[in-house]
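Undergrad: structure for this input, please:
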Amino acid sequence: MHEPRDPGELLTAAADDDRTAWDELESRFGPRMWAVARACGLNETDAADAVQGAWLRLLEHLHTIRDPSGVGAWLATTTRREAMLIARKGQTLALRVEIASEPDPAAAVLEADSSRLLWKTVSSLNEPCRTLLQLLATDLGYQQVALRLGVPIGSVGPTRTRCLEKLRTLIQLQETVQ
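TA: Residues are numbered from 1 along each chain as shown. As a prediction, this is how the structure comes out:
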């Protein structure tokens, strides 16, 4: 087995049309990109669009990335931006549909606020809770989550329970403050 190449080296090789470099970039950073997109609350289809959009942005900016060794962080940030654009478009479309069918617009706004508050609260948790809950939101399953976190599979369930309890406590505290 060969040593994994430096991300900057991979980016340079990809810019020179090296297919194996593209494959290695995808296998190394693709799962993280999917996790980022799903952590933004996107469904499978929209997450796929966000990830694909981020790869397209990389292709468009291959020669202009300032820090090629930071391509992983660049891809994660770009995926998050793509996901947020898709989420905003989806919220706008959902709001239009709800208004067209005459449900309570205030309920749609409250639901969107609740979702933002939930993910903001998850982001405020310490590790491993923050990452664990974000990964579980992507429907990876316990085996993949354990592998990504570097913990035994048997510890994922109990850790999940503790993390959800911390999240509930934080949300309850926020609700009492408001």
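Undergrad: do you know the pLDDT at residue 110?
TA: pLDDT recorded at residue 110 is 60.
Undergrad: give me the domain ranges for this protein.
TA: Annotated domains of the chain cover 1-103, 104-178 [automatic domain parsing].
Undergrad: now these as a markdown table including mean neighbour count?
TA: From N, CA and C alone the C-beta is placed, and that goes for glycine too. Listed next are those as a markdown table, based on neighbours: other CB atoms under 10 Å:
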| stretch | mean neighbour count |
| --- | --- |
| domain 1-103 | 16 |
| domain 104-178 | 14 |
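Undergrad: if I average pLDDT within each of these, which one is lowest?
TA: domain 104-178 (a mean of 78).
Undergrad: can you name the residues that contact residue 51?
TA: Applying CB atoms under 8 Å, 6 or more residues apart in numbering to residue 51 gives the contacts 30, 33-34, 37, 79, 82.
Undergrad: repeat that for residue 47.
TA: Residues in contact with residue 47, defined by CB under 8 Å, 6+ apart, are 34, 37-38, 83, 138.
Undergrad: can you read off the backbone torsions of residue 16?
TA: Per-residue torsions, residue 16: phi -90, psi 20 (degrees, to the nearest 10).
Undergrad: separation between the nearest residue to residue 152 once chain neighbours are set aside and residue 27?
TA: Of all residues not flanking residue 152 in the chain, residue 146 sits nearest, at 6.4 Å (CB to CB, 6 or more residues apart in numbering). Look at residue 146 and residue 27: by CB to CB, to the nearest Å, they are 19 Å apart.
Undergrad: give me the most central residue, this protein.
TA: residue 36 (1.2 Å; CA atoms, centre = their mean).
Undergrad: contact partners of stretch 171-178?
TA: Applying CB under 8 Å, 6+ apart, the external contacts of stretch 171-178 come out as 117-118, 121.
Undergrad: list the contacts of residue 4.
TA: Counting by CB under 8 Å, 6+ apart, residue 4 touches 24, 28.
Undergrad: just say helix, strand or coil for it.
TA: Secondary structure, DSSP: H, G, I helix; E, B strand; the rest coil: residue 4 is coil.
Undergrad: please report phi then psi for it.
TA: Note on residue 4: backbone dihedrals following degrees, to the nearest 10 are phi -60, psi 140.
Undergrad: do you know how far it is from residue 159?
TA: According to CB to CB, residue 4 stands 28 Å off from residue 159.
Undergrad: kindly report the same for residue 44.
TA: The value you get for residue 44 to residue 159, if CB to CB is used, is 25 Å.
Undergrad: equivalent analysis for residue 50, please.
TA: 27 Å.
Undergrad: what's the answer for residue 47, then?
TA: According to CB to CB, residue 47 and residue 159 sit 24 Å apart.
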